[in-house]
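K.L.:
Kindly return the folded structure for what I paste below:
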Amino acid sequence: MQKHFESDYNKLVQKNLANTDKHSAMAQSIGGNFIPFGIFQRELLLQHGLKANDTVLDVGCGAGRLANALKEMPQLSYIGIDVVQELLDYAQELCNRPDWTFIKAADFTIPLENNSVDMVTAFSVFTHLLHEESYAYLAEFRRVLKPGGKIVFTFLDFNIPEHRPVFASNLTQISDRVHLNQFIDPQAIQVWSQHLQLDVEGIFHGNQPHIQLNETVKAEDGTFHRGKVALGQSICVLQKPCNATNIVLAVLPKDFLPEKYLELNPDLAALTMGLGSHYLAHGQFENRRFK
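P.N.:
Numbers count the residues shown, from 1 in each chain. Sure, this is the predicted structure:
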């Protein structure tokens, strides 16, 4: 099944390709400021523990903004995932790293083994997903992370005045939406993280610079960035506990049968919520059987 964001972003990229040159179209499709924001993202990851020989999973890698900024780290392993093939092709060409992998994936299942990556990034991804989709992705991020690994993602927050114009812009496109722009309350992130057994290392407001630059960076408008900078969107850093051994499910297993679950757990006969909902919210943490 195609998700809304797959069709949204394929349409956006095709529209940009029809109206401008390839490089400009690729940069516009991921919001512009290609080079400087890539450097900001790289420095953010380094600040939160990225090591030279780590494996990074970049979900929503787009045209390779982060990958381009990381490509001079020779021992780094990198996997980029996106829903638009043209963006993936451009990123692969730009980076020229035959040892790196770029994958088209439009579902919420990540095609990687459990405990296989050191860091997962999702820049401007959850801003375009429904809350349930973001939660499901976080569960997959946790699965593929090694114990002690980290998740870094950005989000829009109504508490940040600079983010509110995005909502006003949504209203002007309410009948002709280009793509979804979603806000997330930091309290929701806290609840999701608690349920997914992830530790919150930090939530950083988008209007408060906290990324320390180690070089002067020239922006596309000719201005220069030095010292501490912000990405604009707020940032959350989560960590998988070092002693984590379990997998937390966000969607029901394909072989889940409500009748069998009830048969194996007869104390749930008077349950008012759905059996599937109970398993995801409670049963899996109580080690209840469903088959």
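K.L.:
what residue ranges in this protein are flagged as low confidence?
P.N.:
Within the chain, the stretches with pLDDT under 70 are 1-10, 12-13, 16-17, 23, 25-31, 177-178.
K.L.:
and residue 101, how many residues sit next to it?
P.N.:
Using other C-beta atoms under 10 Å, residue 101 is surrounded by 15 other residues. Bear in mind the C-beta positions are built from the backbone N, C-alpha and C, glycine included.
K.L.:
and it, bridged to which residues?
P.N.:
Counting by DSSP bridges, residue 101 is bridged to residue 79.
K.L.:
For residue 239, see how far away it is.
P.N.:
In this view, residue 101 and residue 239 are 24 Å apart by C-beta to C-beta, to the nearest Å.
K.L.:
The stretch 1-150 of the chain: helices as residue ranges?
P.N.:
4-19, 22-29, 34-47, 65-70, 85-95, 131-144 (DSSP state H, counting those that start in this stretch).
K.L.:
With distance to residue 209 and mean neighbour count added, can I get those helices in TSV?
P.N.:
Below are those laid out as TSV (distance: least, C-beta to C-beta, whole Å; neighbours: other C-beta atoms under 10 Å):
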stretch	distance to residue 209	mean neighbour count
helix 4-19	29	16
helix 22-29	23	18
helix 34-47	10	20
helix 65-70	18	24
helix 85-95	27	19
helix 131-144	25	20
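K.L.:
would you turn those into CSV with distance to residue 163?
P.N.:
Converted to CSV, the helices of the stretch 1-150 of the chain look like this (distance: least, C-beta to C-beta, whole Å):
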stretch, distance to residue 163
helix 4-19, 19
helix 22-29, 21
helix 34-47, 17
helix 65-70, 20
helix 85-95, 25
helix 131-144, 16
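K.L.:
Quick check: which of the ones you listed is nearest to residue 154?
P.N.:
Closest to residue 154 of the helices of the stretch 1-150 of the chain is helix 34-47 (C-beta to C-beta; 9.1 Å).
K.L.:
which strands and helices sit next to that closest one?
P.N.:
Packing contacts for helix 34-47, counted by 3 or more C-beta pairs under 8 Å, 6 or more residues apart in numbering; DSSP states H and E, involve helix 65-70, strand 117-122, strand 211-212, strand 217-218.
K.L.:
Put the alpha carbons of that helix into PDB.
P.N.:
Coordinates of each C-alpha in helix 34-47 appear next as PDB, following Å, rounded to 0.1, in the frame of the first residue of the first chain:
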ATOM      1  CA  PHE A  34      21.800  22.000   1.000                       C
ATOM      2  CA  ILE A  35      25.500  22.500   2.000                       C
ATOM      3  CA  PRO A  36      25.200  24.500   5.200                       C
ATOM      4  CA  PHE A  37      22.400  22.400   6.700                       C
ATOM      5  CA  GLY A  38      24.300  19.200   5.900                       C
ATOM      6  CA  ILE A  39      27.200  20.500   7.900                       C
ATOM      7  CA  PHE A  40      24.900  21.500  10.800                       C
ATOM      8  CA  GLN A  41      23.400  18.000  10.800                       C
ATOM      9  CA  ARG A  42      26.900  16.400  10.800                       C
ATOM     10  CA  GLU A  43      28.100  18.500  13.700                       C
ATOM     11  CA  LEU A  44      25.000  17.700  15.600                       C
ATOM     12  CA  LEU A  45      25.600  14.000  15.200                       C
ATOM     13  CA  LEU A  46      29.300  14.300  16.200                       C
ATOM     14  CA  GLN A  47      28.200  16.400  19.200                       C
END
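K.L.:
where's that helix relative to the chain centroid, distance-wise?
P.N.:
Computed by C-alpha atoms, centre = their mean, to the nearest Å, the separation of helix 34-47 from the middle of its chain amounts to 15 Å.
K.L.:
got it, and stretch 113-132?
P.N.:
Centroid displacement of stretch 113-132 relative to its chain, using C-alpha atoms, centre = their mean, is 3 Å.
K.L.:
and if you look at stretch 198-212?
P.N.:
Chain-centre distance of stretch 198-212: 15 Å, with C-alpha atoms, centre = their mean.
K.L.:
again, but for stretch 86-96
P.N.:
On C-alpha atoms, centre = their mean, the centre of stretch 86-96 falls 19 Å from that of its chain.
K.L.:
next one: stretch 85-102
P.N.:
Relative to its parent chain, stretch 85-102 has a centroid offset of 19 Å by C-alpha atoms, centre = their mean.
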